[in-house]
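Q: pasting the sequence and the predicted coordinates here, then a few questions.
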Amino acid sequence: MAKRVLAIAGIVLFLSMAVQLVPAQEDGTDLNSLFNEEVVTPSSTPDQTAPGSSSGATGQGTTTAASNPLQGLLKTEAVRIGGSVTGTVGISGTWNDPWTKGIDITAPDAQQLSPALSSLVYFDARPDEEFRVHGSVKTDWPFSSTYSVLSSASLTGSTLSTTSTSITVPDVRVFELFSDFQLGDKVYFRFGKATVKWGVGYFFSPADIINLQPIDINDPTAQREGPLQFRVLMPFGPSQNTVSFYTIFDASNPDFSTTALAGKAEFVLGRYELGLGGYYRDDTAERAALTLTGPLGKFDIFAEGVVSRGSPKTFYSFSTSAPYYSISQPKDHRTTLYPSATAGFLYNDQDNNITAVAQYYYNGEGYADSEKSSSIAVLNTLLSTPLSAATKTTLTGLSKLFAYGSGRHYAAASLSFSEIGGSDFSASLLGLANFSDLSGLVQPSVSWQIADRLKLTGSVLFFFGASDTEYGILRPNSPMTLSVSLSAGTGNF
């Protein structure tokens, strides 16, 4: 209890000092800044979103609000219902080690047919001016899962007989469900399960420490799932400045030790936005975060810096002696400091339909080069010794968990060119590299908008890296995957 009291006092003191140190602006309070953290409702036109943009303080890649934020204070007679549906059929073939073995286009080493259908449906109700309820659910084809459960058991002598039965459970998941209410015009509350917008990064976001899902590099602007929380938000000063406090509950083990406390102050400084945040969870980490976004010439720039004392990450180590590996617990590194940082830019040329994004990421939770090399050498030794098949399978699986995110220096970039020359064709290029071991991936793609809600996309995914690198372990033999995907009936309603 004493730790939690100190944590609360520390977060409040930290944010109070930040509020006092940052000079006030002359503009009037804009309610847009209070509600831009609302859910991202589907948009009929897919746009590139400027990383971290939450007000007008951006350059070319300005975020478009999903709805008028003033609606959060207005009474509506009807409940608003909407959503999106996504349908795709994909065909892919994978060739292992194509650079030395060559490619027989008719004989891939693996092939896959991937039909997919998913939907999000939301409702939004404002029964009076100071109360709002929002919720959304997701589902995916085949819309249910079947499980085998024990229905009976009997013991005859020393023989145990069991009977199982199958049950089918609908696959419908609550993505968000929360209510907004307020105390006059000074304090705004939210309770429920909702996305929290803390980070400003595009491909990487170490400051996004509350949401439950990491950024998907193939869909970096997708809304990510958030936790159950109680938020108190207060605007202050004559500008679009806010301070927020959070209580965040753990879904799997709700307890005092697993309940996190957080606070964040956000300031508008001319055309730039500055964020200062603090986070505390007794069983994992304390974190301090700094974010900055704004325009620099024709570019939108964004940056984050985070210092964490402790980490929820699982670390792996390997030994030539049984049981051959060890898996860390958060308590094992609870007092270790992990600094992380990222910076990048977004360029959006709307006249020529060109968008470019690039970002560098220092991963403080990555392994040192010497530690990583030593672990991989031990793994290779173990996998070449006459161990049991089960042990080798376990070690192979652990090696992939160890390798993922193991580097300290990363970079990612994307370049897209839509409606080339006024046509229905678009092209893009995505790249991700672990500069610590020189491994990564590259994916060029071309799309043809055949008709409204009917698009054909072809792409080639290349992996590169030696066998002792991150992507050499995750995707051995540097495979190449050729994919063709048809998006059919995808849209918003």
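A: Cool, got the structure. Residues are numbered from 1 along each chain as shown.

Q: where does this protein dip in pLDDT?
A: For the chain, the stretches with pLDDT under 70 are 1-75.

Q: how near is Leu432 to Met480?
A: Going from Leu432 to Met480 by CB to CB, to the nearest Å gives 16 Å. Placement of C-beta: from N, CA and C, glycine included.

Q: actually, Thr165.
A: For Thr165, the distance to Met480 equals 45 Å [CB to CB].

Q: out of these two, which sits in the busier spot?
A: A side-by-side neighbour count of Thr165 and Met480, using other CB atoms under 10 Å, places Met480 first with 19 against 10.

Q: list the residues that contact the closest residue to the more buried one other than its chain neighbours.
A: Among residues not flanking Met480 along the chain, Pro98 sits closest, at 4.7 Å (CB to CB, 6 or more residues apart in numbering). For Pro98, the contact set (CB atoms under 8 Å, 6 or more residues apart in numbering) comprises Ser478, Pro479, Met480.

Q: narrow the residues you listed to those in helices?
A: Judged by DSSP state H, helices contain none of the contacts of Pro98.

Q: mind checking which of these are in strands?
A: In this view, the contacts of Pro98 that belong to strands under DSSP state E are Met480.

Q: and of the contacts of Pro98, the nearest to Asp140?
A: The closest of these to Asp140 turns out to be Pro479 (CB to CB; 26.2 Å).

Q: roughly how far apart are that closest one and Glu371?
A: Distance of Pro479 to Glu371, computed by CB to CB: 27 Å.

Q: comparing those two, which shows the higher neighbour count?
A: Taking other CB under 10 Å, Pro479 and Glu371 do not tie; Pro479 has more neighbours (17 against 13).

Q: and the strands in the stretch 201-350 of the chain, which stretches?
A: Using DSSP state E, counting those that start in this stretch, the strands found in the stretch 201-350 of the chain span residues 228-236, 241-249, 260-269, 272-281, 285-296, 299-309, 316-318, 325-327, 337-349.

Q: tell me which stretches of the stretch 301-450 of the chain form helices.
A: In the stretch 301-450 of the chain, helices defined by DSSP state H, counting those that start in this stretch lie at 369-383, 389-403, listed in chain order.

Q: now these in JSON lines, with distance to Pro227?
A: Listed next are the helices of the stretch 301-450 of the chain as JSON lines, based on distance: least, CB to CB, whole Å:
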{"stretch": "helix 369-383", "distance to Pro227": "31"}
{"stretch": "helix 389-403", "distance to Pro227": "23"}
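
Q: closest one to Asp124 among the ones you listed?
A: When those are compared by CB to CB, helix 389-403 sits nearest Asp124, at 39.7 Å.

Q: can you count the residues close to Asp171?
A: Neighbour tally, Asp171, other CB under 10 Å: 13.

Q: that one: what secondary structure?
A: Recorded secondary structure, Asp171: strand (DSSP: H, G, I helix; E, B strand; the rest coil).

Q: begin at 43, not 1, for the rest of this chat.
A: Sounds good: first residue 43 from here, last item Asp213.

Q: hang on, it packs against Tyr189?
A: No - between Asp213 and Tyr189 there is no contact under CB atoms under 8 Å: 11.8 Å.

Q: with adjacent residues omitted, what lies nearest to Phe444?
A: Setting aside the residues directly before and after it, Phe444 is nearest to Tyr358 in space (CB to CB, 6+ apart), at 4.2 Å.

Q: thought Ser368 was touching the one you found, still the case?
A: Yes - contact criterion CB under 8 Å: Tyr358 and Ser368 qualify, at 7.4 Å.

Q: which one of the two is surrounded by more residues?
A: Between Tyr358 and Ser368, counted using other CB under 10 Å, the more crowded position is Tyr358 (17 against 11).

Q: I appreciate the help and will end here.
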